[in-house]
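A.B. asks: task: produce atomic coordinates for the following.
(chains A, B, C and D)
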Number of protein chains: 2
Amino acid sequence: MYKICLPKILMYICLMYTSELIKGTLKTIILNLLKERGKMYGYEITQTVKEMTNGKIQITEGALYPTLHSLEKKGDIGFEKEYIGKRVRKYYTLTDQGQKTAQVKVNEFADFIETMKYLLDIDSKTSNA
Amino acid sequence: MYKICLPKILMYICLMYTSELIKGTLKTIILNLLKERGKMYGYEITQTVKEMTNGKIQITEGALYPTLHSLEKKGDIGFEKEYIGKRVRKYYTLTDQGQKTAQVKVNEFADFIETMKYLLDIDSKTSNA
DNA sequence: TTTTATACCTAAGAAACTTATGTATAAAAT
DNA sequence: ATTTTATACATAAGTTTCTTAGGTATAAAA
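C.D. replies: Residues are numbered from 1 along each chain as shown, chains lettered A, B, ... in the order given. Got it, this is the predicted structure:
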């Protein structure tokens, strides 16, 4: 769909990753952001991730909100409603359990990266060989 | 299920990754292996990945075979049957198209890794902080 | 001779998304 | 003034990609 990828000098440019890759990392991303920023609301999370990744990772609301509800149900996050005029925001924060979950998930992903780099022989060859 | 993870000195040890993470990388793994090794049969792929990752990534046959069939249908790989006694092996090889797909997928994943490292602030903090 | 390893396969179900849709307020543009 | 865009929440149907569970068969090891 939005998979318009262009080659460039020494860098692989892709407007957006295939959803396959992002699949499975959403919880990790959310938990880590909450860990680093204290409290955030849903829409803010989508915008922050989009900005930080130059649009390469765009979290859809259809993916975000069910995930937030799921994390809350499992006790990793909690929220407080805040009104900006008449418009509501649900500010989420990590619970103690969520702090641990965040650390575990990030560590696991970091380990996964190293394994995949070895398996795919990344770093020992240039991107545009 | 097999998510028994233990802390260790400066290293995060996990017997096997949650399936969430591996999800989406299977095609990339298969195509890259075929690129590096020329030809391989299904069972050999599962064993090779298991060995190379010390059991951290274990491709199930229920995931592998449908993926191989899908890649073949899309024209990325082809196969030749080979008989070892009465037992059959399907040796898969990359097509020209598959060579390109492999390169694109690995590059995309390498880029994804860099983005995620930035997003999750990996490398700038130790695993067991 | 039974178990394990090798080697292929499919089908039902689960998980985690996308796409589409809905509601409503506030700001910006025409 | 009115239309569009941005903000902010949400759900539901459908798709993809896996897991789990089953099936078939040969060869080697216990």
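A.B. asks: name the element the most centrally placed residue in chain A belongs to?
C.D. replies: Centroid check for chain A by CA atoms, centre = their mean gives A:I29 as the closest residue, at 3.0 Å. Using DSSP states H and E, the element containing A:I29 is helix A:26-37.
A.B. asks: and that helix, what does it pack onto?
C.D. replies: When contacts are defined as 3 or more CB pairs under 8 Å, 6 or more residues apart in numbering or on different chains; DSSP states H and E, helix A:26-37 sits against helix A:42-52, helix A:61-73, strand A:87-94, helix A:96-119. All C-beta atoms are positioned from the backbone trio N, CA, C, and that covers glycine.
A.B. asks: now the ones you listed as a markdown table including mean pLDDT?
C.D. replies: Formatted as a markdown table, those follow (pLDDT from 0 to 100):
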| stretch | mean pLDDT |
| --- | --- |
| helix A:42-52 | 97 |
| helix A:61-73 | 97 |
| strand A:87-94 | 97 |
| helix A:96-119 | 95 |
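A.B. asks: any chance of these in CSV, plus mean neighbour count?
C.D. replies: Formatted as CSV, these follow (neighbours: other CB atoms under 10 Å in any protein chain shown):
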stretch, mean neighbour count
helix A:42-52, 16
helix A:61-73, 14
strand A:87-94, 16
helix A:96-119, 19
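A.B. asks: I'd like these as CSV, with distance to B:K73 appended.
C.D. replies: Listed next are the helices and strands packed on helix A:26-37 as CSV, based on distance: least, CB to CB, whole Å:
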stretch, distance to B:K73
helix A:42-52, 34
helix A:61-73, 28
strand A:87-94, 42
helix A:96-119, 25
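A.B. asks: not counting its neighbours along the chain, what's nearest A:E80?
C.D. replies: A:Y91 (5.2 Å; CB to CB, 6 or more residues apart in numbering or on different chains).
A.B. asks: contacting residues for the residue of chain A found nearest DNA strand C?
C.D. replies: Per CB to the nearest atom of the strand, the residue of chain A with the smallest distance to DNA strand C is A:G62, at 1.9 Å. Going by CB atoms under 8 Å, 6 or more residues apart in numbering or on different chains, A:G62 touches no other residue.
A.B. asks: residue contacts, the residue nearest to A:E80?
C.D. replies: Contacts for A:Y91 (CB under 8 Å, 6+ apart) come out as A:39-41, A:79-82.
A.B. asks: swap in 7 Å and give it another go.
C.D. replies: Contact partners of A:Y91, counting by CB atoms under 7 Å, 6 or more residues apart in numbering or on different chains, are A:39-41, A:79-80, A:82.
A.B. asks: so A:I59 touches A:E44, yeah?
C.D. replies: No. When contacts are counted by CB atoms under 7 Å, A:I59 is not listed as touching A:E44 (11.1 Å).
A.B. asks: circling back: from A:D76, how far off is the residue nearest to A:E80?
C.D. replies: 15 Å (CB to CB, to the nearest Å).
A.B. asks: which residues are contacting stretch A:102-113?
C.D. replies: Residues from elsewhere that reach stretch A:102-113, judged by CB under 7 Å, 6+ apart: A:25, A:27-28, A:31-32, A:35, A:94, B:12, B:14, B:17, B:21, B:113, B:116-117, B:120, B:122, B:127.
A.B. asks: dump it to PDB, keeping only the CA atoms.
C.D. replies: Presented in PDB, the C-alpha positions along stretch A:102-113 are these (Å, rounded to 0.1, in the frame of the first residue of the first chain):
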ATOM      1  CA  ALA A 102       8.600  -2.600  29.900                       C
ATOM      2  CA  GLN A 103      12.100  -3.500  31.000                       C
ATOM      3  CA  VAL A 104      11.600  -7.200  30.100                       C
ATOM      4  CA  LYS A 105      10.100  -6.400  26.700                       C
ATOM      5  CA  VAL A 106      12.900  -4.000  25.700                       C
ATOM      6  CA  ASN A 107      15.600  -6.400  26.900                       C
ATOM      7  CA  GLU A 108      14.000  -9.200  24.900                       C
ATOM      8  CA  PHE A 109      13.800  -7.000  21.800                       C
ATOM      9  CA  ALA A 110      17.400  -5.900  22.200                       C
ATOM     10  CA  ASP A 111      18.400  -9.600  22.400                       C
ATOM     11  CA  PHE A 112      16.200 -10.400  19.400                       C
ATOM     12  CA  ILE A 113      17.900  -7.700  17.400                       C
END
